[in-house]
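S.K.: Got a predicted structure here, sequence first:
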Amino acid sequence: MQQQAREVVLECRGLSKVYQQGRNELQILSDVSFSIHAGETVAIVGASGAGKSTLLHCMGGLDQASEGDVLVAGQSMAKLGNAARGRLRNQALGFVYQFHHLLPEFTALENVAMPLLIRGEAVASARQRASDLLDRVGLAERLTHRPGELSGGERQRAAVARALINNPRCVLGDEPTGNLDEKTAARVHGLMLELNQEFGTALVLVTHDRHLASKMDRTLELSEGVLREL
């Protein structure tokens, strides 16, 4: 299917982000506009401090742009209240961070099931779905292990499973392999691309790794607040 015919699952319209530093204004994003289509993979690259994470947080409704809007599954983030924005994030988006952000007191199974439980799904079905996904990412033998008992790569695989548990339209990854050694990073990145194909979920990754970025459908570079396609 041609990209033009695919559904737009996330769209940025004229995003600008300005931080006030004393009497000075620091422009992080400047009139950023682009679309993410169903099932595609996109890398966002740029120098350290270029604002890549800020852009991703605005895309996910975790931060608010100074100007512009983000549409997720056709819904305007700017027009939603905090509660409705949170529901939309839970339903339509998944997140994977450089540091896994798994809750240390819960098992891998409980961590992955958590988004479904927050949404109000029955415990039994949430646990079954989480178990199935953990099996898919190669952690069938680690369901009852807490994050402290898992390796770095295993923690990130659990985080990927958690990001997919709600069947999101788009997964946003902020340097999801940046804290791993090169070999483990390549495995986790390969897993994410496999799951993108399997589930048809769009994947947007902020990464400093140009080699990993080259494996994505598109690469966008953020420089001096401006986003351009490479």
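M.R.: Everything's here; your move.
S.K.: Tell me the buried residues in stretch 72-85?
M.R.: Neighbour-count burial for stretch 72-85 flags 72, 73, 77, 80, 85 (criterion: 16 or more other Cβ atoms under 10 Å). Using the backbone N, CA and C atoms, a C-beta is placed for each residue, glycine as well.
S.K.: again, but for stretch 183-200
M.R.: Buried residues in stretch 183-200, counted by 16+ other Cβ under 10 Å: 184, 185, 186, 187, 188, 189, 191, 192, 193, 195, 196, 199.
S.K.: do the same with stretch 85-103
M.R.: Buried residues in stretch 85-103, counted by 16+ other Cβ under 10 Å: 85, 88-89, 91-98, 100, 102.
S.K.: I'd like to know which of those residues are part of strands.
M.R.: Among the buried residues of stretch 85-103, DSSP state E puts 93, 94, 95, 96, 97 in strands.
S.K.: from those, which has minimum pLDDT?
M.R.: Checking pLDDT across these, the minimum falls on residue 97 at 83.
S.K.: ok, now which ones touch the closest residue to that one other than its chain neighbours?
M.R.: Computed as Cβ to Cβ, 6 or more residues apart in numbering, the closest residue to residue 97 that is not its neighbour in sequence is residue 174, at 5.1 Å. Each residue near residue 174 by Cβ atoms under 8 Å, 6 or more residues apart in numbering is listed here: 52, 53, 56, 57, 95, 96, 97, 98, 206.
S.K.: How much space separates the last one from residue 141?
M.R.: Distance from residue 206 to residue 141, counting by Cβ to Cβ, to the nearest Å: 31 Å.
S.K.: Mind listing the residues bridging to residue 12?
M.R.: Applying DSSP bridges to residue 12 gives these bridge partners: residue 34, residue 70.
S.K.: list the contacts for the nearest residue to residue 10 once chain neighbours are set aside?
M.R.: The shortest distance from residue 10 to any non-neighbouring residue, by Cβ to Cβ, 6+ apart, is to residue 36 (4.2 Å). Going by Cβ under 8 Å, 6+ apart, residue 36 touches 8, 9, 10, 11, 42, 170, 202, 204.
S.K.: how about a cut-off of 10 Å?
M.R.: 6-12, 42, 59, 72, 169-170, 172, 202-204, 218 (Cβ atoms under 10 Å, 6 or more residues apart in numbering).
S.K.: can you check residue 163 too?
M.R.: 93-97, 112, 115, 133, 171-173, 176, 192, 195, 201, 203.
S.K.: what does residue 55 give?
M.R.: The contact partners of residue 55, taken as Cβ under 10 Å, 6+ apart, are 12, 15, 17, 28-29, 32, 34, 44, 46, 63, 65, 172, 174, 204, 206, 220, 222, 225, 227.
S.K.: Quick check: the gap between it and residue 124.
M.R.: Remark: distance between residue 55 and residue 124 (Cβ to Cβ) = 39 Å.
S.K.: For the most centrally placed residue in the chain, which residues count as its bridge partners?
M.R.: For the chain, the residue nearest the mean C-alpha position is residue 172 (1.5 Å; Cα atoms, centre = their mean). Counting by DSSP bridges, residue 172 forms beta bridges with residue 95, residue 204.
S.K.: just checking, it touches residue 59?
M.R.: Yes - using Cβ atoms under 10 Å, residue 172 is in contact with residue 59, at 6.1 Å.
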